[in-house]
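**Q** What follows is a predicted structure for the sequence shown.
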Amino acid sequence: MNYKFNHDRYEEWVKVSLSWRRDFDGVIFTRMQGLGIIDAELYCININDVHTVLDNGLTVFDHVNIKSYLWILGVYELFRMMDQKIKEDSEIADEDATALINHAKKEFERIRVPLAKFETARRFEGDFSVPN
């Protein structure tokens, strides 16, 4: 399988990460770019490639399965952290950005809770145990 990477998608992650450069020791900045790398890789996976067996005996699906799982957990934590930082210092983001970050956190919560806890997110009681 050829290594595929969506550079434009990753570039967007880098641009957004630049606004968090002033964080403690660059951790948020680098984590965001790391999540961008995973996103840019996953974005390019072709459905026809998922059953391809790789040199290590695993399939592309095996890699997609774990990377997407970890990406969801990571992105949720990113939005949760952003929401917390904004609550601690409202100067970080304007009202519109704050609302968007809070909305994104809730949307990722809907997926993250069932994946991490094997139970439906309380806010989404009517959902399946693992959302589609």
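**A** Done, it's in. Numbers count the residues shown, from 1 in each chain.
**Q** for this structure, which spans come out with low pLDDT?
**A** Segments of the chain classed as low confidence (criterion: pLDDT under 70) are 1-3, 23-25, 128-132.
**Q** mind checking how far the spatially most central residue of the chain is from Glu41?
**A** Computing the C-alpha centroid of the chain and ranking residues by C-alpha atoms, centre = their mean puts Val75 first, at 3.0 Å. The gap separating Val75 from Glu41 is 14 Å, by C-beta to C-beta, to the nearest Å. Just so you know, the C-beta spots here come from the backbone N, C-alpha and C atoms, and that holds for glycine as well.
**Q** Also Phe61?
**A** 14 Å.
**Q** higher neighbour count, these two?
**A** Looking at Phe61 and Glu41 with other C-beta atoms under 10 Å, you find the greater number of neighbours at Glu41, namely 19 against 14.
**Q** Which stretches in the protein count as helices?
**A** Along the chain, counting by DSSP state H, helices occupy 7-18, 27-43, 60-88, 95-117.
**Q** In CSV: those helices, plus distance to Val50.
**A** Below are those laid out as CSV (distance: least, C-beta to C-beta, whole Å):
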stretch, distance to Val50
helix 7-18, 19
helix 27-43, 11
helix 60-88, 4
helix 95-117, 19
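**Q** what's around Ala93, how many residues?
**A** Neighbour count of Ala93, defined by other C-beta under 10 Å: 17.
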